[in-house]
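# fold the following, please.
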Amino acid sequence: MKSNNPCHKATVENALLGLPGPDGQRFATVFQHGSLLVEIYAPRGTDPQKPHARDEIYFVVTGTGEYICGDTRQSFGPTDMLFAAAGAEHRFENFTEDLTLWVIFYGPEGGEDNG
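Here you go, the predicted structure:
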């Protein structure tokens, strides 16, 4: 949803109504403004994602598991914030079935610090 409104509210409950998508996608766009893109992501079973062209932040809403980013593996849980720079290999493993995340993409392709 693109918005010209200077204020916006989104809830996890409403965002989850867009899942799964028409082709079974486990993510859905919730809000867009300029380079900012906010999605809801709720993988089930495995996390099939590939590196993204822009910097990315995850806010964990529910669930626990392990976040693999580059050569690091970290446990995570609700209220944690996770970052993946543009182009970084990353994924979620050993996560609970209730895993739900806000995903925020921002900035230019190649990332903010692409040099």
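# who touches L19 in this structure?
The neighbourhood of L19, defined by C-beta atoms under 8 Å, 6 or more residues apart in numbering, consists of Q25, R26, F27, A28, I40, A42. Where you see a C-beta, it was placed from the backbone N, CA and C, and this is true even at glycine.
# one more: V103?
By C-beta under 8 Å, 6+ apart, the neighbours of V103 are F27, V38, E39, I40, Y41, E56, I57, Y58.
# just the buried ones out of those residues, please.
F27, V38, E39, I40, Y41, E56, Y58 (16 or more other C-beta atoms under 10 Å).
# which two in these are spaced the farthest apart?
Farthest-apart pair in the buried ones among the contacts of V103 is I40 and E56; separation 13.7 Å (C-beta to C-beta).
# strands of this protein, residue ranges please.
27-33, 36-41, 55-62, 65-69, 72-76, 81-84, 90-93, 100-106 (DSSP state E).
# what helices or strands is the fourth one leaning on?
Yep, that's strand 65-69 we're talking about. Helices and strands touching strand 65-69, by 3 or more C-beta pairs under 8 Å, 6 or more residues apart in numbering; DSSP states H and E, are strand 72-76, strand 81-84, strand 90-93.
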